[in-house]
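Engineer: Sequence below, structure please.
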Amino acid sequence: MIVKVGVIGIGTVSQLMHLPILSGLHEQYQITAVSDISPTQLAFIAKKYNATPYTDPYELVKDPNVDAVFVCSPDQYHAAYALAAMEAGKHVFVEKPVTLCMEDLEKLIAAEKAHPELVCMVGYMRRYGNGFLKCKELLQADDRKIEYMRFRDFFMGQTRLPYLSSDIPQSAKEESGRLRREQVGRALGEGCTEQQRITYVMLTGLGCHTLAAVRELVGLPVEIESVSVQGEHVVIVFRYEDFLAVYEIVNDQDVVQFDAAIEIYQHDRCMKIKYETPYLRYQPQTFEVIESTKNDTKTTLYGPDYRDAFENEVKYYHDCIVNGTKPKSDFSDAMADLKLFRDICMKIKE
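Structural biologist: Numbers count the residues shown, from 1 in each chain. Predicted structure coming up:
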């Protein structure tokens, strides 16, 4: 079955990941429509992928030649476009974060329940990487106690540039900024500080990848012990039932390289999932397991694995559509992350 796809938002992530992956999976997907606020960008991408261009995303979702809508627009428009797509009877894939505030996510969850025939999925691509899946398998295979965890996201800018145009109307830019600020304000409540806003945007943008992955591996923390912040540098200490975990998130493109990993320490075993920047496609991914005894230390390296996590997730999404199954990262699943992000930011205020 070939699923015909309409893509709303054809900026960096769409151009570097979703569009080339969907185009390459020609036995599973066909890109039939694209929409963007930039006329020049829209014309360029529509021609490149032989797709129908739409300046209005609400017209794209009505296209009878579209089976599934990929919402890759700025975060503040995710809820509106996803709702419109579901109301038009389309399957929906929404890039993370699914929304910026719980109130909008509740509307999506209600619509998802009202349309059980539709497959709705959030793009948490790190939860579909082969190293991650192997780590989950090993954790479930024995009951060794976790002693400590550390995970991190150090972000750098991409080195492969997409085709971007500057012909977005100023009024649209102003509306976009206003909507983002209003939705973040609703998420955090009246009186939220600028530092809380900065941290929340970092968590919904970059942090939700790792925090959602950790949630699938070990569940949610029972307590947020502390949050230390300085601009776009954040260090969080979580308490789980019987171990501590530290999360570091840094967005400073002048002084750091890309460094994203999840490390799990179990006294005599350490497991490390290493993520590479998604902006350089098909980099080798690795998963390392170190086990020690009194007499020996053994290191097992799974990989290098050149299969792309973005590709894995859209293949999985196709299987869900074909088989009528519910994806693990549906709208309801994402609610736990927004609640955690809010609680982290409230800890800053304290």
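
Engineer: quick one: low-confidence ranges for this structure?
Structural biologist: Counting by pLDDT under 70, the chain contains low-confidence ranges at 156-160, 253-256, 350.

Engineer: Please enumerate the helices of the stretch 1-150 of the chain.
Structural biologist: Taking DSSP state H, counting those that start in this stretch, the helices of the stretch 1-150 of the chain run over residues 12-13, 19-24, 39-48, 57-60, 78-87, 102-114, 130-141.

Engineer: Equivalent analysis for the stretch 251-350 of the chain, please.
Structural biologist: Using DSSP H, counting those that start in this stretch, helices in the stretch 251-350 of the chain cover 309-323, 331-349.

Engineer: Export these as TSV, with columns for mean neighbour count.
Structural biologist: Using the backbone N, CA and C atoms, a C-beta is placed for each residue, glycine as well. Formatted as TSV, these follow (neighbours: other CB atoms under 10 Å):
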stretch	mean neighbour count
helix 309-323	19
helix 331-349	19
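
Engineer: Please tell me how far the closest residue to Asp268 other than its chain neighbours sits from Ile146.
Structural biologist: What sits nearest to Asp268 in space, not counting adjacent residues and going by CB to CB, 6 or more residues apart in numbering, is Ser292, at 5.3 Å. Using CB to CB, to the nearest Å, one gets 16 Å for the distance from Ser292 to Ile146.

Engineer: quick one: which of the two has more around it?
Structural biologist: Set Ser292 next to Ile146 and count neighbours by other CB atoms under 10 Å: Ile146 wins out with 20 against 13.

Engineer: Now the more buried one. Its backbone dihedrals?
Structural biologist: For Ile146, the backbone dihedrals are phi -80, psi 130 (criterion: degrees, to the nearest 10).

Engineer: isn't it right next to Gln266, touching?
Structural biologist: Yes - using CB atoms under 8 Å as the test, Ile146 is close enough to Gln266 to be in contact (5.6 Å).

Engineer: in this structure, what residue sits furthest out from the centroid?
Structural biologist: Distance from the C-alpha centroid of the chain peaks at Asn295, with 42.1 Å (CA atoms, centre = their mean).

Engineer: Reformat the helices of the stretch 251-350 of the chain as TSV; add distance to Met202.
Structural biologist: Shown next, in TSV, are the helices of the stretch 251-350 of the chain (distance: least, CB to CB, whole Å):
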stretch	distance to Met202
helix 309-323	21
helix 331-349	9
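
Engineer: burial measure for Glu248, as a count.
Structural biologist: 16.

Engineer: right, so of the helices of the stretch 251-350 of the chain, which gets closest to Val222?
Structural biologist: Among these, the nearest to Val222 by CB to CB is helix 331-349 (11.6 Å).

Engineer: residues making contact with that closest one?
Structural biologist: Defining contact as CB atoms under 8 Å, 6 or more residues apart in numbering, one finds that helix 331-349 is touched by 96-99, 101-102, 105-106, 108-109, 112, 120, 122, 187-188, 192-193, 195-196, 199-200, 203-204, 207-208, 211-212, 215, 220-221, 224, 226-227, 229, 236.

Engineer: do the same with stretch 194-206
Structural biologist: The contact list for stretch 194-206, computed with CB under 8 Å, 6+ apart, reads 75, 96-97, 100, 153, 155, 181, 184-185, 187-188, 211, 227, 229, 231-232, 234, 249, 251, 338, 341-342, 344-345, 348-349.

Engineer: From Val227, how far out is the closest residue to Met102 other than its chain neighbours?
Structural biologist: In space, and not counting its chain neighbours, Met102 is closest to Leu338: 5.0 Å by CB to CB, 6+ apart. As for Leu338, its distance to Val227 is 16 Å (criterion: CB to CB).
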